[in-house]
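Make a model of this:
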Amino acid sequence: MVSQAQQEPALPHSSSTAKRAAASLMDARPAQPLLLRAPTPSIDLPASKPDRAAAAAGKAAAASVFDLRREPKIPAPFVWPHDDARPASAAELDVPLVDVGVLRNGDRAGLRRAAAQVAAACATHGFFQVCGHGVGADLARAALDGASDFFRLPLAEKQRARRVPGTVSGYTSAHADRFASKLPWKETLSFGFHDGAASPVVVDYFAGTLGQDFEAVGRVYQRYCEEMKALSLTIMELLELSLGVERGYYRDFFEDSRSIMRCNYYPPCPEPERTLGTGPHCDPTALTILLQDDVGGLEVLVDGDWRPVRPVPGAMVINIGDTFMALSNGRYKSCLHRAVVNQRQERRSLAFFLCPREDRVVRPPASGAVGEAPRRYPDFTWADLMRFTQRHYRADTRTLDAFTRWLSHGPAQDAPVAAAAST
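Residues are numbered from 1 along each chain as shown. This is a model prediction of the structure:
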């Protein structure tokens, strides 16, 4: 355990901006004791026998490790079919900018307007942006800069945090540990978050996995995840109002959430028209809060066309995932989306995936318009849905229907129903 009086270590290889941002953020909060070990993330489930077999296959595939910044042209596994990689429409997606600050300032007319904006967006494509969220610009900048610092490390250093096949946490380059084709042109670093633990779980992860030099950036992400959790509960209140369900139902459901934080890095690509940064998918989680830098790349499939979502300075992109689609009894939609890359600029984004506690039963409220309609999906636990999408199915617009069939055959059988999981 490290003494609170010890000096904060500097961020490794970081820009002076990132160092100053991290230092100013840490000065504002008292240091907490650290456990210098790699914790077992709560989001990674014990492997069943079929899962262990898949993990063994994944280890064999992990021999193909790509350093995307050094690839002079696209290797064959990164080429995507034209139907997936076809160009986007020139028309941007009509994504409302919703002021969530109205939940705190007593503006009743503004609250009604925000609820109506959310209802309209979520009933069609499930995407909206939020402002008035209270997340400081310095914290957002430090979190994006921390991602840059990590992904610019030599590949061998990043591999110290490589993801164990069959789990969620860790570093991966192009998901080459899971797939042999249609690889995404990106690198990711993922880790779990939940509050109420005896020690800060994100700081523990960074210090235990990457070493003491990463303690400071771990504290940045600890605070960022805490802010994302608070924002997600605020958005849940707005979703309650927009659906007309019992006040507090969704907020209470996610109070003890076990969420996933993911840092995405999309290097410049020599042939961006032939590949994708992230393939078409729907998020199996409940809610995604995405912080983009100023380089566009997010696109949503609406009425057969890919529509870009333009970054709005200071705003965060929100989208509904499959778990919340089940919680709304199908009223709100989980929509197919992807990320594209470009030839000249790197792109960074931070995705916070709100997830229920693993053993919590997912079911819509029994009363109100949501509960009175016939049930679209059976009760399930987040643990089963996570296992299904991580090990057996490529998340798409039919995920919940396929998952329902899988449940009817019994998850214990663990029989694969598709060739790949989501990217």
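
CA atoms for contacts and neighbours, from now on please.
Fine.

got the end-to-end distance for stretch 326-345?
With CA to CA, to the nearest Å applied, stretch 326-345 spans 38 Å between its terminal residues.

which of the residues in that stretch are buried?
Within stretch 326-345, the residues that qualify as buried are 326-342, counting by 16 or more other CA atoms under 10 Å.

So which of these sit within strands?
337-339 (DSSP state E).

For residue 289, what is the enclosing helix or strand?
Secondary-structure assignment from DSSP states H and E places residue 289 in strand 287-292.

Can I get that strand in PDB? Just the C-alpha atoms.
C-alpha atoms of strand 287-292 as PDB (Å, rounded to 0.1, in the frame of the first residue of the first chain):
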ATOM      1  CA  LEU A 287     -26.600   2.900 -22.300                       C
ATOM      2  CA  THR A 288     -23.400   4.200 -23.900                       C
ATOM      3  CA  ILE A 289     -22.000   7.700 -23.100                       C
ATOM      4  CA  LEU A 290     -19.500   8.600 -25.800                       C
ATOM      5  CA  LEU A 291     -16.900  11.400 -25.600                       C
ATOM      6  CA  GLN A 292     -15.500  12.100 -29.100                       C
END
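
by contact count, what packs against that strand?
The contact analysis (3 or more CA pairs under 8 Å, 6 or more residues apart in numbering; DSSP states H and E) places strand 287-292 against helix 215-243, strand 316-320, strand 347-354.

Let's have these in CSV, adding mean pLDDT, distance to residue 201 and mean neighbour count.
Output for the helices and strands packed on strand 287-292, formatted as CSV (pLDDT from 0 to 100; distance: least, CA to CA, whole Å; neighbours: other CA atoms under 10 Å):
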stretch, mean pLDDT, distance to residue 201, mean neighbour count
helix 215-243, 96, 8, 21
strand 316-320, 97, 24, 23
strand 347-354, 97, 15, 24
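
Using a markdown table, please lay out the ones you listed together with distance to residue 109.
Formatted as a markdown table, the helices and strands packed on strand 287-292 follow (distance: least, CA to CA, whole Å):
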| stretch | distance to residue 109 |
| --- | --- |
| helix 215-243 | 13 |
| strand 316-320 | 22 |
| strand 347-354 | 28 |
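
Between these, which one is closest to residue 88.
Closest approach to residue 88 among those (CA to CA): strand 347-354, 17.6 Å.

Residues touching the closest one, excluding its own?
Residues from elsewhere that reach strand 347-354, judged by CA atoms under 8 Å, 6 or more residues apart in numbering: 144, 147-148, 225, 228-229, 232, 257-268, 285-293, 295-297, 341.

distance of the nearest residue to residue 173 once chain neighbours are set aside from residue 148?
Distances taken as CA to CA, 6 or more residues apart in numbering place residue 187 nearest to residue 173, at 4.5 Å, with adjacent residues excluded. Relative to residue 148, residue 187 is positioned 11 Å away (CA to CA).

Who are the packing partners of the helix or strand hosting residue 140?
Element membership for residue 140 (DSSP H and E) is helix 137-151. For helix 137-151, the helices and strands in contact under the criterion 3+ CA pairs under 8 Å, 6+ apart are helix 16-27, helix 215-243, strand 259-266, strand 347-354.

Could you pull up the residues touching residue 331?
Counting by CA under 8 Å, 6+ apart, residue 331 has contacts 123, 325, 370.

May I see the ChimeraX selection of the buried members of these?
Selection of buried members from these for ChimeraX, criterion 16+ other CA under 10 Å:
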select :325,370
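
picking that back up, mind listing the shared neighbours of residue 187 and residue 148?
With CA under 8 Å, 6+ apart as the test, residue 187 and residue 148 both reach residue 265.

rewinding a little: Serialize the helices and strands packed on helix 137-151 to a markdown table and add fields for distance to residue 402.
Formatted as a markdown table, these follow (distance: least, CA to CA, whole Å):
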| stretch | distance to residue 402 |
| --- | --- |
| helix 16-27 | 44 |
| helix 215-243 | 26 |
| strand 259-266 | 23 |
| strand 347-354 | 21 |
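
which residues are contacting whatever helix or strand comes next after the strand holding residue 289?
Where DSSP H and E defines the elements, the next helix or strand beyond strand 287-292 is strand 298-302. Defining contact as CA under 8 Å, 6+ apart, one finds that strand 298-302 is touched by 88, 93, 125, 306-310, 335-340.

Which of those residues sits closest to residue 238?
residue 125 (17.0 Å).

Confirm that the closest one sits in a helix.
No. According to DSSP: H, G, I helix; E, B strand; the rest coil, residue 125 belongs to no helix; its state is coil.

Spit out the contact partners of it.
Residue 125 neighbours (CA under 8 Å, 6+ apart): 300, 302, 333-335.

State the distance from it to residue 304.
Distance, residue 125 to residue 304, by CA to CA: 12 Å.

which stretches of the stretch 151-300 of the chain aren't confidently modelled?
Residues of the stretch 151-300 of the chain meeting the criterion pLDDT under 70: 176-180.

still on that earlier bit, closest to residue 118 out of the contacts of residue 125?
For those, the nearest to residue 118 is residue 333 (11.6 Å; CA to CA).

and that closest one, how far is that from residue 404?
In terms of CA to CA, residue 333 sits 17 Å off from residue 404.

swap in residue 318?
As defined by CA to CA, residue 318 lies at a distance of 26 Å from residue 404.

if we can go back for a sec, could I get the ones in strands among the buried residues of stretch 326-345 as CSV with distance to residue 392 and pLDDT?
Shown next, in CSV, are these (distance: CA to CA, whole Å; pLDDT from 0 to 100):
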residue, distance to residue 392, pLDDT
337, 20, 96
338, 20, 97
339, 22, 97
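
Closest one of those to residue 74?
residue 339 (16.8 Å).

Enumerate every residue touching that closest one.
276-280, 297-299.

Can you classify residue 158 as helix, strand or coil?
Taking three-state DSSP as the rule, one finds residue 158 in the helix state.

So what's the residue count around the nearest residue to it once chain neighbours are set aside?
In this structure, residue 158 finds its nearest non-sequential neighbour in residue 171, 6.8 Å apart by CA to CA, 6+ apart. Residue 171 is flanked by 22 other residues according to other CA atoms under 10 Å.

do residue 173 as well
Neighbourhood size, residue 173 [other CA under 10 Å]: 26.
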